[in-house]
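One predicted model, sequence on top.
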Amino acid sequence: KAGVTQTPRYLIKTRGQQVTLSCSPISGHRSVSWYQQTPGQGLQFLFEYFSETQRNKGNFPGRFSGRQFSNSRSEMNVSTLELGDSALYLCASSFNLPGNTGELFFGEGSRLTVL
Amino acid sequence: AQRVTQPEKLLSVFKGAPVELKCNYSYSGSPELFWYVQYSRQRLQLLLRHISRESIKGFTADLNKGETSFHLKKPFAQEEDSAMYYCALNFGNEKLTFGTGTRLTIIP
(Lines give C-alpha, C1' and ligand atoms only; values in the text may rest on other atoms or scores of the structure.)
Protein backbone atom coordinates (compact mmCIF):
# COMPACT_ATOMS: atom_id res chain seq x y z
CA LYS A 1 0.00 0.00 0.00
CA ALA A 2 1.47 3.36 -0.98
CA GLY A 3 2.00 5.81 1.84
CA VAL A 4 0.87 9.40 2.10
CA THR A 5 2.32 11.40 -0.77
CA GLN A 6 2.96 15.11 -0.61
CA THR A 7 3.96 17.39 -3.45
CA PRO A 8 6.01 19.37 -3.97
CA ARG A 9 8.68 18.24 -1.53
CA TYR A 10 10.56 21.51 -1.59
CA LEU A 11 9.67 24.97 -2.76
CA ILE A 12 10.94 28.50 -2.46
CA LYS A 13 8.65 31.48 -2.64
CA THR A 14 8.95 35.18 -1.98
CA ARG A 15 6.90 37.30 0.38
CA GLY A 16 3.47 38.14 -0.93
CA GLN A 17 3.21 35.13 -3.20
CA GLN A 18 0.81 32.27 -2.68
CA VAL A 19 1.43 28.55 -2.58
CA THR A 20 -0.62 25.38 -2.98
CA LEU A 21 0.47 22.10 -1.43
CA SER A 22 -1.00 18.75 -2.32
CA CYS A 23 -1.55 15.59 -0.33
CA SER A 24 -2.65 12.15 -1.50
CA PRO A 25 -3.72 9.99 1.43
CA ILE A 26 -3.35 6.26 1.77
CA SER A 27 -5.92 4.52 -0.39
CA GLY A 28 -9.17 4.11 1.53
CA HIS A 29 -8.37 6.76 4.12
CA ARG A 30 -11.06 9.40 4.39
CA SER A 31 -9.49 11.83 6.83
CA VAL A 32 -6.65 14.21 6.03
CA SER A 33 -5.00 16.47 8.60
CA TRP A 34 -2.46 19.20 8.01
CA TYR A 35 0.23 20.33 10.42
CA GLN A 36 2.91 22.99 10.37
CA GLN A 37 6.21 21.83 11.82
CA THR A 38 8.84 24.30 12.97
CA PRO A 39 11.82 23.81 15.33
CA GLY A 40 10.46 26.19 17.92
CA GLN A 41 6.75 25.37 17.87
CA GLY A 42 6.78 21.68 17.08
CA LEU A 43 3.68 20.42 15.29
CA GLN A 44 0.84 22.89 15.06
CA PHE A 45 -2.54 21.78 13.80
CA LEU A 46 -3.85 23.58 10.73
CA PHE A 47 -7.03 21.77 9.75
CA GLU A 48 -8.60 18.39 9.27
CA TYR A 49 -10.95 17.15 6.58
CA PHE A 50 -13.18 14.13 6.55
CA SER A 51 -15.25 13.17 3.54
CA GLU A 52 -14.72 16.60 1.94
CA THR A 53 -15.86 18.49 5.05
CA GLN A 54 -13.59 20.56 7.26
CA ARG A 55 -14.10 19.10 10.72
CA ASN A 56 -11.52 21.05 12.69
CA LYS A 57 -9.46 24.17 12.23
CA GLY A 58 -6.43 25.37 14.13
CA ASN A 59 -5.49 28.89 15.18
CA PHE A 60 -4.02 30.10 11.95
CA PRO A 61 -4.99 33.23 10.04
CA GLY A 62 -7.41 33.13 7.15
CA ARG A 63 -4.49 33.18 4.71
CA PHE A 64 -4.28 29.44 5.36
CA SER A 65 -7.02 27.46 3.69
CA GLY A 66 -7.61 23.96 2.50
CA ARG A 67 -9.99 21.62 0.82
CA GLN A 68 -10.57 17.95 0.22
CA PHE A 69 -11.75 16.37 -2.98
CA SER A 70 -14.10 13.45 -3.50
CA ASN A 71 -11.15 11.08 -3.93
CA SER A 72 -9.89 12.20 -0.49
CA ARG A 73 -6.92 14.06 -1.92
CA SER A 74 -6.39 17.36 -0.19
CA GLU A 75 -4.78 20.67 -0.91
CA MET A 76 -3.80 23.53 1.32
CA ASN A 77 -3.20 27.06 0.18
CA VAL A 78 -1.32 29.89 1.81
CA SER A 79 -1.83 33.32 0.36
CA THR A 80 0.20 36.49 0.85
CA LEU A 81 3.18 34.56 2.16
CA GLU A 82 5.17 35.90 5.09
CA LEU A 83 8.69 35.03 6.20
CA GLY A 84 7.23 33.28 9.24
CA ASP A 85 5.39 30.81 7.03
CA SER A 86 8.67 29.06 6.29
CA ALA A 87 8.18 25.58 7.69
CA LEU A 88 7.68 21.92 6.94
CA TYR A 89 4.04 21.27 6.18
CA LEU A 90 2.96 17.77 7.05
CA CYS A 91 -0.09 15.96 5.84
CA ALA A 92 -1.45 12.93 7.65
CA SER A 93 -4.25 10.56 6.79
CA SER A 94 -6.38 8.12 8.73
CA PHE A 95 -9.25 5.84 7.86
CA ASN A 96 -11.61 7.32 10.43
CA LEU A 97 -11.61 10.57 12.31
CA PRO A 98 -8.21 11.01 14.01
CA GLY A 99 -9.77 11.05 17.42
CA ASN A 100 -11.15 7.58 17.02
CA THR A 101 -7.85 5.74 17.04
CA GLY A 102 -5.21 8.43 17.16
CA GLU A 103 -3.17 6.75 14.49
CA LEU A 104 -2.18 9.19 11.82
CA PHE A 105 -0.04 8.19 8.86
CA PHE A 106 2.24 11.03 7.90
CA GLY A 107 3.75 12.08 4.63
CA GLU A 108 7.31 13.27 4.24
CA GLY A 109 6.20 16.88 4.13
CA SER A 110 6.54 19.89 1.89
CA ARG A 111 9.34 22.19 2.95
CA LEU A 112 8.42 25.79 2.19
CA THR A 113 11.00 28.55 2.31
CA VAL A 114 9.79 32.13 2.04
CA LEU A 115 12.40 34.71 1.08
CA ALA B 1 -7.11 25.69 27.97
CA GLN B 2 -6.27 22.27 26.60
CA ARG B 3 -2.54 21.99 26.32
CA VAL B 4 0.24 19.45 25.88
CA THR B 5 3.62 20.26 27.36
CA GLN B 6 6.93 18.54 26.78
CA PRO B 7 9.28 20.43 29.08
CA GLU B 8 12.53 19.12 27.62
CA LYS B 9 13.53 20.15 24.12
CA LEU B 10 16.72 18.12 24.27
CA LEU B 11 17.59 15.04 26.28
CA SER B 12 20.87 13.13 26.23
CA VAL B 13 21.19 9.73 27.85
CA PHE B 14 24.01 7.21 27.92
CA LYS B 15 23.46 3.86 26.25
CA GLY B 16 22.15 1.37 28.77
CA ALA B 17 20.80 4.06 31.09
CA PRO B 18 17.07 4.53 31.74
CA VAL B 19 15.13 6.99 29.62
CA GLU B 20 12.17 9.12 30.63
CA LEU B 21 10.56 11.59 28.28
CA LYS B 22 8.11 13.85 30.04
CA CYS B 23 4.68 14.84 28.85
CA ASN B 24 2.13 16.84 30.83
CA TYR B 25 -1.30 17.93 29.80
CA SER B 26 -4.00 20.26 30.98
CA TYR B 27 -7.52 18.94 30.52
CA SER B 28 -10.32 18.31 32.93
CA GLY B 29 -11.66 15.30 31.07
CA SER B 30 -10.15 11.97 30.09
CA PRO B 31 -7.90 12.41 27.09
CA GLU B 32 -6.58 9.76 24.80
CA LEU B 33 -2.82 9.88 24.72
CA PHE B 34 -0.21 8.81 22.22
CA TRP B 35 3.50 8.96 21.60
CA TYR B 36 4.82 9.57 18.11
CA VAL B 37 8.43 9.18 17.01
CA GLN B 38 10.44 10.52 14.10
CA TYR B 39 13.74 8.78 13.39
CA SER B 40 16.34 10.49 11.24
CA ARG B 41 15.19 10.70 7.60
CA GLN B 42 11.97 8.85 8.38
CA ARG B 43 8.36 9.88 8.63
CA LEU B 44 6.64 10.70 11.85
CA GLN B 45 4.95 7.52 13.07
CA LEU B 46 2.89 6.27 15.96
CA LEU B 47 4.96 4.64 18.70
CA LEU B 48 2.28 3.71 21.20
CA ARG B 49 -1.12 4.65 22.59
CA HIS B 50 -2.11 4.51 26.22
CA ILE B 51 -5.34 2.60 25.72
CA SER B 52 -3.39 -0.35 24.38
CA ARG B 53 -1.15 -0.50 27.43
CA GLU B 54 1.49 -1.95 25.16
CA SER B 55 5.27 -1.97 25.14
CA ILE B 56 6.80 -1.04 21.83
CA LYS B 57 10.56 -1.29 21.28
CA GLY B 58 10.89 -1.53 25.05
CA PHE B 59 9.04 1.74 25.64
CA THR B 60 6.03 2.05 27.93
CA ALA B 61 3.92 5.01 28.97
CA ASP B 62 1.57 5.24 31.90
CA LEU B 63 -1.21 7.72 32.27
CA ASN B 64 -1.15 9.45 35.65
CA LYS B 65 -4.42 11.31 35.95
CA GLY B 66 -3.49 12.82 39.30
CA GLU B 67 -0.37 14.44 37.90
CA THR B 68 -1.89 14.81 34.40
CA SER B 69 1.18 13.21 32.92
CA PHE B 70 1.96 10.57 30.31
CA HIS B 71 5.70 10.06 30.53
CA LEU B 72 7.47 7.71 28.11
CA LYS B 73 9.95 5.33 29.69
CA LYS B 74 12.48 2.72 28.73
CA PRO B 75 14.69 0.93 31.24
CA PHE B 76 17.80 0.59 29.05
CA ALA B 77 18.45 3.05 26.23
CA GLN B 78 19.78 1.84 22.90
CA GLU B 79 21.53 3.89 20.24
CA GLU B 80 18.68 3.33 17.80
CA ASP B 81 16.35 5.16 20.19
CA SER B 82 17.86 8.47 19.14
CA ALA B 83 14.98 10.37 17.55
CA MET B 84 12.45 13.14 17.97
CA TYR B 85 9.56 12.18 20.22
CA TYR B 86 6.18 13.87 20.31
CA CYS B 87 3.44 13.43 22.85
CA ALA B 88 -0.04 13.80 21.35
CA LEU B 89 -3.49 14.03 22.84
CA ASN B 90 -7.03 13.78 21.66
CA PHE B 91 -9.08 16.03 23.90
CA GLY B 92 -12.31 14.60 22.59
CA ASN B 93 -12.55 17.03 19.69
CA GLU B 94 -11.51 14.61 16.97
CA LYS B 95 -8.10 16.12 16.32
CA LEU B 96 -4.69 15.31 17.71
CA THR B 97 -2.83 18.03 19.55
CA PHE B 98 0.93 17.56 19.65
CA GLY B 99 3.53 18.79 22.08
CA THR B 100 6.62 20.65 20.92
CA GLY B 101 8.72 17.49 20.94
CA THR B 102 11.85 16.22 22.68
CA ARG B 103 14.98 15.33 20.77
CA LEU B 104 16.51 12.28 22.42
CA THR B 105 20.17 11.54 21.84
CA ILE B 106 21.69 8.30 23.07
CA ILE B 107 25.38 8.64 23.84
CA PRO B 108 27.37 5.48 22.98
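Sure, I can see it.

Name the nearest residue to the closest residue to chain A within chain B, sequence neighbours excluded.
As assessed by C-beta to the nearest C-beta, chain A sits closest to residue B:100 within chain B, at 3.4 Å. Backbone N, C-alpha and C define where each C-beta goes, glycine included. Nearest residue to residue B:100 in three dimensions, chain neighbours excluded: residue A:42, at 3.4 Å (C-beta to C-beta, 6 or more residues apart in numbering or on different chains).

Per-residue pLDDT of the one you found, please?
The model reports residue A:42 with a pLDDT of 87.

for it, what are its contacts?
B:6, B:86, B:98-101 (C-beta atoms under 8 Å, 6 or more residues apart in numbering or on different chains).

May I have the beta-bridge partners of it?
In this structure, residue A:42 bridges to residue A:38 when assessed by DSSP bridges.

measure it to residue B:91 for me?
To residue B:91, residue A:42 is 16 Å away according to C-beta to C-beta, to the nearest Å.

now residue A:19
With C-beta to C-beta as the criterion, residue A:19 and residue B:91 are 30 Å apart.

How about residue B:74?
The spacing between residue B:74 and residue B:91, counted by C-beta to C-beta, is 26 Å.

repeat for residue A:110
With distances taken as C-beta to C-beta, residue A:110 is found 27 Å from residue B:91.

did I read that right, residue A:103 in a strand?
No: looking at residue A:103 with DSSP: H, G, I helix; E, B strand; the rest coil, it is coil, so not inside a strand.

and it, how far is that from residue B:33?
Separation of residue A:103 from residue B:33 (C-beta to C-beta) stands at 13 Å.

which one of the two has more residues nearby?
Neighbours around residue A:103 and residue B:33, counted as other C-beta atoms under 10 Å in any protein chain shown, are more numerous at residue B:33. The numbers are 22 against 16.
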